[in-house]
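Q: This is a predicted model, with the sequence first.
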Amino acid sequence: MKEYLIIDGYNIINAWSELKNIAENDLEASRDKLVQMMLEYAALSGEEVIIVFDAYRVKKRSRTKQKYPKVTVVYTKENQTADSYIEKVIGELDKRAVIRVATNDWAEQQIVLGKGCSRLSARELHIDVQNSRKKMKGSSQKKASKITLADVVDDDVFLKLEQMRRNGNF
């Protein structure tokens with residue numbers, strides 16, 4: 001079953017202090033940071049992530065999309081809010097899919113729940129992202145400390161190398 005995480009981009013940026021601090025000086029850098037964090041998160045969670053940034057007040061803007069592995073970044077068209085785009089996408093996705101929407105917007109959360117999806121607050125998403133990073137760091141350290149030659153080469157090559165080592169030819 002396909003799983004989706006749809007994120008109201010500016011809502012999350014304004015809710016997470018590390019992104020909000022970046023946005024005060026450079027909004028584009030904060031967007032890039034959120035996208036980078038979600039690329040890592042999507043790789044670990046397996047979910048398809050859609051990050052929506054609205055261009056509600058941007059003149060003559062047409063919708064644009066950037067595709068990455070497991071992550072799609074959408075900039076809405078002029079006069080379209082992220083909320084309206086999210087509602088539209090929810091209606092278009094496979095009804096059998098698991099869909100979570102991350103936003104702190106209470107009204108949007110109610111609409112999401114009414115459409116059979118689950119809502120995720122900015123805080124809950126932040127905790128998920130932090131936990132996935134800890135999990136990734138822990139598993140990479142374990143893997144690095146336990147890798148042996150037998151893990152890297154096939155059995156025949158390993159046996160030949162081991163025989164050479166024992167015979168002093170190595």
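A: Cool, got the structure.
Q: Could you say which helix or strand holds Ile7?
A: Under the criterion of DSSP states H and E, Ile7 resides in strand 3-8.
Q: by contact count, what packs against the helix or strand following that strand?
A: Toward the C-terminus, strand 3-8 is succeeded by helix 9-15 as the next helix or strand (DSSP H and E). If you count contacts as 3 or more CB pairs under 8 Å, 6 or more residues apart in numbering; DSSP states H and E, helix 9-15 packs onto helix 17-25, helix 27-45, strand 48-53, helix 82-92, helix 122-146. C-betas here are computed from N, CA, C, even on glycine.
Q: can you pull the contacts of the spatially most central residue of the chain?
A: For the chain, Met38 is the residue whose C-alpha lies nearest the centre (CA atoms, centre = their mean; 2.7 Å). Met38 sits next to 7, 49, 51, 71, 129 when contact means CB atoms under 8 Å, 6 or more residues apart in numbering.
Q: Could you export those as CSV, including neighbour count?
A: Shown next, in CSV, are these (neighbours: other CB atoms under 10 Å):
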residue, neighbour count
Ile7, 29
Val49, 23
Ile51, 25
Val71, 22
Val129, 20
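Q: need those in JSON lines with pLDDT and distance to Asn104, can you?
A: JSON lines is the format used below for the contacts of Met38 (pLDDT from 0 to 100; distance: CB to CB, whole Å):
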{"residue": "Ile7", "pLDDT": "97", "distance to Asn104": "11"}
{"residue": "Val49", "pLDDT": "97", "distance to Asn104": "17"}
{"residue": "Ile51", "pLDDT": "97", "distance to Asn104": "15"}
{"residue": "Val71", "pLDDT": "95", "distance to Asn104": "21"}
{"residue": "Val129", "pLDDT": "94", "distance to Asn104": "15"}
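Q: Name the nearest of those relative to Met1.
A: Val49 (16.2 Å; CB to CB).
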